[in-house]
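Student: Pasting a predicted model and its sequence here:
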Amino acid sequence: MTSTDKPIEAKRYIVRGRVQGVGFRAWVAQAAPAHGLAGWVRNRRDGSVKALFVGPLDAVGTMIEACHQGPLAARVTAVETTDAVVSDLDLRHSGQRFSVLPTA
């Protein structure tokens, strides 16, 4: 690894609270690529939001921390983070670095 290489991390997260109907997915879809991350975000039928972030370790950490706050109208009560695998990226829409997926 050279000094310009950064460790890559893949994390899934579930955000709970008032996170649907407040622009949370759109906020994630804009913020994650701005941090150099690939992945996806989707609403879940239980009212939570689930996402996958893949990218440099520091950028994934920064994005997960930002999700504790979310957009202005959100009220986050919990963020659950689990390890993921890069193959989880296969859920993205073809040709997209970061996708907003249908509710699951």
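Tutor: Cool, the structure landed.

Student: going forward, measure contacts and count neighbours with C-alpha atoms only.
Tutor: Noted.

Student: Parallel or antiparallel, list what pairs with the lengthiest strand in the chain.
Tutor: The single longest strand within the chain, with elements called by DSSP state E, is strand 8-18. Looking at strand 8-18 with DSSP bridges, its partner strands are strand 49-56 (antiparallel), strand 75-83 (antiparallel).

Student: Now the first one - C-alpha only, PDB.
Tutor: Spelled out, it's strand 49-56. The C-alpha coordinates for strand 49-56 follow below in PDB (Å, rounded to 0.1, in the frame of the first residue of the first chain):
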ATOM      1  CA  VAL A  49     -33.700   3.900   6.600                       C
ATOM      2  CA  LYS A  50     -31.000   1.400   5.600                       C
ATOM      3  CA  ALA A  51     -27.800   2.300   3.700                       C
ATOM      4  CA  LEU A  52     -24.500   0.800   2.500                       C
ATOM      5  CA  PHE A  53     -21.300   2.900   2.400                       C
ATOM      6  CA  VAL A  54     -18.200   1.600   0.700                       C
ATOM      7  CA  GLY A  55     -15.100   3.700   0.500                       C
ATOM      8  CA  PRO A  56     -12.100   5.000   2.500                       C
END
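
Student: right, and the helix or strand after it?
Tutor: Following strand 49-56 in sequence order, the next helix or strand is helix 57-67 (DSSP states H and E).

Student: Buried by neighbour count: which residues of that next one qualify?
Tutor: 57, 59-60, 63-64, 67 (16 or more other C-alpha atoms under 10 Å).

Student: And stretch 79-96, by the same measure?
Tutor: Result for stretch 79-96 [16+ other C-alpha under 10 Å]: buried residues 79, 84, 86, 88-89, 92.

Student: Out of these, the closest to residue 38 would be?
Tutor: residue 89 (7.7 Å; C-alpha to C-alpha).

Student: Setting aside sequence neighbours, what's the nearest residue to the closest one?
Tutor: residue 39 (5.8 Å; C-alpha to C-alpha, 6 or more residues apart in numbering).

Student: picking up where we left off before, format the buried residues of stretch 79-96 as TSV; extra columns: pLDDT, secondary structure and distance to residue 102.
Tutor: Output for those, formatted as TSV (pLDDT from 0 to 100; DSSP: H, G, I helix; E, B strand; the rest coil; distance: C-alpha to C-alpha, whole Å):
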residue	pLDDT	secondary structure	distance to residue 102
79	96	strand	20
84	94	coil	19
86	83	helix	20
88	94	helix	15
89	95	helix	15
92	97	coil	11
